[in-house]
Structures are given as C-alpha cells and as structure tokens.
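Peer 1: Provide a 3D model corresponding to the input given below.
(chains A and B)
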Amino acid sequence: MEIAVVGGGPGGLYASLLLKKEHPDWEITVYERDPVDNTYGWGVVFSDATLSNLREADTESHERITDAFVRWDPIDVHYDDERFRCGGHGFAGIMRADLLGILQDRCREVGVNLRHEVAIDDPEELAAEVDLLIGADGLNSTVREHYEDGFKPSVEMGNAKFAWFGTEKPFDVFTFVFRENEHGLWRVHAYPGRKSTFIVECTEETWRNAGMDEKDEETALAYFEELFSDHLEGHALESKLYAWRNFPVVSCRTWSLGDDVALVGDAAHTAHFSIGSGTKLAMEDAIAVLEGVREHGTDGGAALNWYEKERRPRVEGLQEAAERSQRYFENVERYWHLEPRRFAFNLLTRSGRISYESLKVRDVEFADEYDRWFQHALAANPGTDAVPVAAKPPLFQPLELRELTVENRLTLTRPPAHSASDGTPSESYLEGLAEQGERGPGLVLTDPVAVSPEGRISPGTPGLYEETHADVWGDLVADLRDGTDAAVGVQLFHAGRRGSMRPRAHGLDRPLPAEEGWELFAPSAKSYTPGGRTPTAMDGDDCERIREAFVRSAELAEAAGFDYVQLHAGHGYLLSSFLSPLTNERDDEYGGDLETRARYPLSVFDAVREAWPDEKPLGTALQATDWNLSGLKTSDSRRVAEMLADRECDLLSVVAGQATFKERPRYDPTVLADFTEAFRNEVQIPVLSTNYVTTYDEVNTLVGAGRADLCTFSR
Amino acid sequence: MQVGIGLPNTLEGADRELLLTWARRADEGPFTSLGVFDRLLYRSTEPLSTLAVCAGVTEEIRLATSIVAGPLRNDALLAKEAATIDALSGGRLTLGLALGARRDDYEAAGVDYGSRGRRFSRQLSELRSYWEDDEMGPEPVQDGGPQLLVGGDSDPTFQRVGRYADGYIHGGGPPRAFEKQANQARAAWQESGRPGGPDLWGHGYVALGEEAAERGREYLLDYYAFTGPFAERIAEGLLTTPQEVLQCIRGYADAGCDELILFPTVADEEQYDRLETVIENEWG
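Peer 2: Take a look at the predicted model:
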C-alpha cells in the first residue's frame, strides 16, 4: 500500500505516524509546502486534557506531547476591570511548533518519508501514483478544492475580525478580556504556553473605527500593547504573519471519495478557535482513519466510510457548539449591558456544552457564588444588603412584573384540546391547566383564547367574550389561587384569516366545510390556504370593533381575576397579519411601511393597556420572523419590539413562523431561544422563552445567562 | 415502547408462503406492527397491496407502510387505497410517507422528481380531505383517516409533521440520531400549537448470526447502492447479535420512541424465530 499525505500539520503527521506504525511495509510520504522548521502559529489547545485516545494510539508521542503540555484548569473572564475565575475546565496547551517537532521526530523514527518544501499543486497527478491520498492540508486545502465536485465543500465566512499574536507575558490560565474604548468593544482570547498566545477579535465596525484596515503591523501592535497594558504588564506583543482575518467555517458533504482520496482535520471541517479544538479534531480524525483501516484492512473504501461514520457525528456536534460560540463572540456587544458576573456566566455557557449543572460540577464555589449573587442582585425584593449565605438556583428566583411577583421562572401551559363549545373552555382543558398549576410553576398561561366568536380558530377554540366565559375562567383562577402560588395569565388573540378551521388534532389550517364556517376578517382579502375561505378586508369599523373586542376581553380577564394578559401578535393571527408585508396590502393608515403596518396592533396594545389595571403586567407574543424572504424579518420585528418596549410592554414572548402557508422554517430546537435572547438583550425587555425546553438545567442556564426571564417548559 | 417487525417484502425469497406465515405469526405477538418498504425498480412486492393481503390473515397487528414514497403516487388513488386497507382491516393502517430518494423510481413512474417536495405537502393535505369529506369512500375506520406519519430529516419534513401528520417516522440509525430528530419533531409539533405530541416511530435492521450478517450486509449494500458511500454506513448499523438488538431497543425506548420496527434483512423463518426469541425473552 502506498499513501501520500498532503500537508505536514498535526493531522497529516499523526495519520502518517499511526498508519506506518501499524503497517511498517506501507510506503507513506508526507508532502509539506513549508520548510521543516517553520514555526508559523502560536499555541494550540486541547480542550479535553485527558486525551486518553492519544495515549492508546501512540504512547511515545503521547508522552512527549504531554511532557511539553502546559496544563491549566480555570478560565478567567475580565469584564473591563472586574475578574471572575471559574475552575474545573481542564485544558492543555502546547506550542504548535513543539507539537510539530515531536510528531516529525516520531514519523522519522517509524520510517515515514517527510518531504518539506514540496508544494502539491495537482493532487490528482499524485493520487494516480498512490493507493490513497490523504488531504491534510488545512483550511485552504488544495486537495479539497481540487476535488470540489466530490467533496462539495461549503465555506461560510464569519463576520468578526481577528488576529493572532504572541507575548512573553506568562498567562497562567485561559483568559478572556473584554475592553471597551472609543473605537468599540475588543475581545482577547489569551492562553498559556512557552510563549502565551494572544488573539484579538472585534467587529468589523470596531476594526474600521480603530483604523486597523490602514495601520501597519508596528502601529497595530503598539495600539494593543497600550490598550491591554494592564494585562501585558510591560511585555510586548509579537506577530508572525501579521494579518486580520474572518473565520471560515468549512464543512463538506463527504470526507472521502471512493477508496482513494480522503480529507482530515481543517481540510474537512473547521471549528471556531474560541472553542479551541481544531488540532484535537485533526488528531482524532487520524485515529479514526487508523481504526477504519483496522476494521476493514486494505478495503480502502470501507475503511474510509468507517472513518466518516465514526467521526462525523462527533465533529458535527463540536461544530454546532463552535458555531454558537462564534456567534457569541461576533455579538458580544449585545451582552455588554449584562451585570459583569452575569456576563461571565453567559460567556461560560455560550456554546451549549456547559450548562448550569455542569458548572456546578466543574466549580461548585463559582456556581454557588453565582446563585448568591443572583438572588441578591437580581431577584425581586432583595430586602437586605447582605449577600445570602446560600441561595436557590436562578429557576427558583422570583421575577417582578409591575406589582406581580412571579415566584419562579417556570411557565407551564397546556395546548388546548379544542374542545370548547361556544367559547366556553372544556372541563378537561381547565382541569389540565389546574394540574399544571400544581406542578409548581411561577406562571400558568392559557393557550390562545379568542376575543370574539369570529376570532376562534375552530369551533373548539376557547374564548373570553361573554360574562359566562369570565365566570368559568374565574373558577379556574380561584382554584389555582387556592392551591398554588402560581400567577395565572391569559393569552388573548383573534385568529384573523386562520379562523374557521377544523380542529387541530388532524392537522393545521384545514378549512371547515363552508356550511359550518364563519366570516373571517383580516387586513387584506387573502386566504390563508390555497382554496381556503377568503377573509373580508377590515374597514375602519371592523378595526374599531375588533380593538374593542380585545379591550372587552381584557376587562373580562380582570373580572376573572387573571394576573397577566398576553396579546398574541404572531403565527399569522390577526395582529401579526397587520405586521407582515405578506398579508397586509392596505393603503390606509394601517398599511405601508413597517411603522404604519405596526399602527393597528400597537393601537390594540394601547387600548388594552388603558383598560387593564396599571399594577398588572401586559405582555405580547411577537413574531420574530415569517420564515419567508419577502416577509417580516428579524430586524423588522426587533423594531416592533422596540416600539412595544417604549410602551412599557412588560414581557415579550418570541415565536416564529406560520405567518403564511408558504414558509421555510428552521426546526432546530434552539432556534427560538436564539431569537429570544437576541430580543431580550438588544431591546432590553424581559422575555418569556417559548423554546423547546425539557429540563430544569436548561431553565437555569437560560435564566442564569440572561437569555430568558421566564421559560415555557414542555414535557 | 412497542416493537414491530418488518415483512421481507424487499428481500429475495419472500414468497406468498413466507410473507403470510410471517404476518400470521406476528399477529400472535410479541410484535405489535408489520412494516413494509417501498421500492419500484427493485425485486420487491408493492407495499400497500402486500399489507392488504396480510390484513386478510391477521386480526390485531398494526399494518404500517414504513416507509412509502408518497409523491410517487397519485393523491386520490393513494387516499382510496389507504382508506380501503384501513376500512377492511378494522382501522389498523399506519401510513408512513416520505419523499423517496430514488430518481429512477420517479422516472419509471412517470412522475417529476424535482418538484416532489412541493407536491408532497399538498398530497398530505389532500389525503386528509379525501378521508374526512364524504366525496370518496370507503370511510376509514380511524377517526380522520389512517394514522399518518411523515419521515425525512429536513426542515420541511418537520414542518409537514407539525402541519399535517399524526407523528414522525425516523429513517433508521443509532438511537442518538433518532433522539435528535425526535426532538426536532416534538419542537415542531409544539411550535405549530397542535394538541398532544407527535407519535414517534423508528427503524432498525437485523441479521442474527454470522452467516446471516454477511448476507444482510450484502442486501443493504445493494438496496442502498443508490446512496453511494452512505450505503456502507447503513450496513455498518446492521444489528447482528441479540445484545446489539437489545441495546438498540433500549436506546430507542429511552429516547422516547413509541414504536420501533425491526427489519430482518434475510428472508428466512429462522431469522424470524431468533428475533422473536430475543423480543419475547428480553422485551415485551
């Protein structure tokens, strides 16, 4: 067997070493463009210090690598001048040059041919001469590009700017520094090594403000030496290849072609440096290639498939976490208003791989201190200046909304059984809600309740538009008040053009037979489904009448004793269909640009606010996006959220999709949490997360990190 | 979680005798459903008619198309076929539908391949209409029509699950893969505001014993040859020992699966016996 490896980085060298060790008779040659003693790059980090598979794969190199390792445990977060240290993370770092040296030595020892300063410009020519070609040529892989049609790579550029530096200043742990100056907010990722690595990152805007696009290397170094002088303590910054880059996320449809070409490491997949695992991934790829060969011998195709089957789920899991981390660093400005300690908690949990619980495991002191701080600084009614000795986790901390105290951060609801009749909710729905209350949430929230008969989705949709409805709901509220501490909220809505449908048990938006349906009202006369009932475009009187219906429902909600009202302006229901350009074609005062389209829903909000007692909170469920390129976009709904915040809307619940029948939604279980946290932190309004959350740990993490204030819980 | 068994309708050597014996035996337990696969240009039997025949010799067991390529078929005819099986089997049909990835099947059926996603969404909506309205008979025994499951792993898939289906049917793989997509299905369901939650079904491939394992592997490589290198990965997932079968079952149960259909990959009654023994003694 003859193998050519393109690229003499850690992935390529390690794969060669392992394969040659196992099959001394195989001919393995590594081709590297750069000279043998090239010391490009600073430190590399292995985020998981154990790396037991490295030991198993090759004991000798494992020993030499771990000898050269600098190990550390904590992460330091510097928020301007405050520092937070969180332990238990277990990192190991090594200078890239040292790692290469060790691997080159080992390769020579086992008889791998190392050919430096040989550039492979035509991998196909080389592939024809050997049995297997391994592309380990990194981020800008020639092999990947050459076989583009087969690997089908995608490269997505991040939008932050970063540059790598080194310094003699010894950093003893992983250190994040966030510093604001007149040009913007700078982030530093620094970590230990024979020399310390010092990465500076910022938004493109900050980068331009600081004139980095025009500064030469020397001035740039001086700029950061000055800006971070307190951290560098008089040490200089050095750079090797001075350059500002955007991080490219590489992914490929497949990592091998037949039995003769395969990619490993950055050539196949990259993961943002803030999660520090690129080298680890490349070396683990090499191990998986070896294991594939062990499983399938010289059946190259099967071995390479085995490699990909083994690695892809792990790599993709890490890439997802890295992507979340990258998004965090690209948007740090969004979190800058968070209290420093909360900012640090948010940073530590950014990638989704570390949760509240796992912080407790890693560093119980840090986590306990966080709880105490949270209770003292953020919970309602601190009462005393003294920081408590022990505190409950964020989930159990109360939230104040006007004069309502929500006892904890859990919201429970129950999807309706659509079994109401004439708007009166069914016994079983009410019993279900009452049961939810007994599970101890801070807030029990009804599903959408119609403000008028025509505002119902189906004949089974519950309503709140008759005195008798208020009585029935009132009994539920009294019931809950009696047996639980839960606050009780009602969600009011008008289905608009999504009304007059069959019950939802057998699917969404299936129109009722004509004789059973009712007249629908919407901003414009466009039906929701093809062939569905066409709504009447609302005239001035209709607008007035429906606004009054909302007000009347709010009054009935007050009569029923509800603590909280939430208006539903999402999911294509009436209020949201005024907001969306896809469904609002009016040319009167309620149609046109976003400001005018928002007028009617806001007028409803104002009217309800007027009628609803001052001391009680009023919230809104808002559409983050229509999932349609011509529809309402996140930037639009953020603007609406700002308008709501100006009106002192007390709580925002972010939903997405269903504005129209035609949409391209993303069903990633974290997508709603992403919208929610962005709205919360950019608009600075309390939010109720509707994300799919099934564990208390997730609630603690979301609330602790300032990504949500309340969470709907599903199980 | 319940465990179903796949009929050998895409396997070589599955004649009338074997299919009917298989179905009759499964009806006695411990299996709770009979699954069938769908492939046009392959030496297999047509899934819906296979289930119809099996409906005649069974009493209790659920009859599941797992999975049939929906858009390959005419909406009205499919609605009628499904309603017929449901009516004549006493409400035992579970209709698992997905896009189907075989371009040559589409060409052979004379149906456009490129637009199948769009047509699939419409088909799901139409099926419901045919079953619920009086225009077409027979009236299915199950309320609202046969239980409808949608398979696939793209975002539109989960949208379809939330919008039209009764549940989600996963295409197969390790429990972890199932769990990830089951969560997406649950999240989609919740976001669409449907009451309750989606029914979740899964798939596994079985060949017990060394010799069967080799034949099973060859079958999978052949059946999935059209997926290119991915066929290897599917074949790697073949469950070849009772331990692997149990591990898979437990993993699926833990991930919240409602029904896991195990498909033998060798058409041999001995394979049936061995799988039955594992399920009877260690599960059910």
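Peer 1: now A:Ala92. Its backbone dihedrals?
Peer 2: Backbone torsions for A:Ala92, taken as degrees, to the nearest 10, come to phi -140, psi 140.
Peer 1: after the least confident helix or strand in chain B by mean pLDDT, which helix or strand is next?
Peer 2: Least confident helix or strand, chain B: helix B:230-236 with a mean of 84, by mean pLDDT, DSSP states H and E. Remark: after helix B:230-236, the chain's next helix or strand is helix B:242-254, criterion DSSP states H and E.
Peer 1: can you give me the buried ones in the least confident helix or strand of chain B?
Peer 2: Neighbour-count burial for helix B:230-236, counted by 16 or more other CB atoms under 10 Å in any protein chain shown, picks out B:231-236. Using the backbone N, CA and C atoms, a C-beta is placed for each residue, glycine as well.
Peer 1: helices and strands of chain A: which one bottoms out on pLDDT?
Peer 2: Ranked by mean pLDDT, DSSP H and E, the helix or strand of chain A with the weakest confidence is helix A:52-57, at a mean of 84.
Peer 1: which residues touch it?
Peer 2: Identification of contacts with helix A:52-57 by CB atoms under 8 Å, 6 or more residues apart in numbering or on different chains yields A:14, A:18, A:61-62, A:65, A:283-284, A:286-287, A:290.
Peer 1: if we go to 10 Å?
Peer 2: Here helix A:52-57 makes contact (CB atoms under 10 Å, 6 or more residues apart in numbering or on different chains) with A:14, A:17-18, A:21-22, A:46, A:51, A:61-63, A:65-66, A:280, A:283-284, A:286-288, A:290-291.
Peer 1: among the residues you listed, which are located in strands?
Peer 2: A:Phe46 (DSSP state E).
Peer 1: sorry, back to before: hmm, who's touching the least confident helix or strand of chain B?
Peer 2: With CB under 10 Å, 6+ apart as the criterion, helix B:230-236 contacts A:254, A:295-296, A:299, A:301-306, A:308-310, A:312, B:171-174, B:205, B:213, B:216-225, B:227, B:265.
Peer 1: off-centre distance for it?
Peer 2: Its chain's average C-alpha position is 19 Å from that of helix B:230-236, according to CA atoms, centre = their mean, to the nearest Å.
Peer 1: put the alpha carbons of that helix into PDB.
Peer 2: In PDB, the C-alpha atoms belonging to helix B:230-236 read as follows (Å, rounded to 0.1, in the frame of the first residue of the first chain):
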ATOM      1  CA  PHE B 230     -23.700   6.100   2.600                       C
ATOM      2  CA  ALA B 231     -24.700   2.500   1.900                       C
ATOM      3  CA  GLU B 232     -21.600   1.400   3.800                       C
ATOM      4  CA  ARG B 233     -22.700   3.500   6.800                       C
ATOM      5  CA  ILE B 234     -26.200   1.900   6.700                       C
ATOM      6  CA  ALA B 235     -24.700  -1.500   6.500                       C
ATOM      7  CA  GLU B 236     -22.400  -0.700   9.500                       C
END
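Peer 1: circling back to that earlier point, drop anything exposed from the contacts of helix B:230-236.
Peer 2: Judged by 16+ other CB under 10 Å, buried ones among the contacts of helix B:230-236: A:254, A:296, A:302-306, A:308-310, A:312, B:171-174, B:205, B:213, B:216-217, B:219-220, B:223-224, B:265.
Peer 1: can you put the buried residues of helix B:230-236 in CSV and add distance to A:Ala386?
Peer 2: Listed next are the buried residues of helix B:230-236 as CSV, based on distance: CB to CB, whole Å:
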residue, distance to A:Ala386
B:Ala231, 66
B:Glu232, 64
B:Arg233, 60
B:Ile234, 62
B:Ala235, 65
B:Glu236, 60
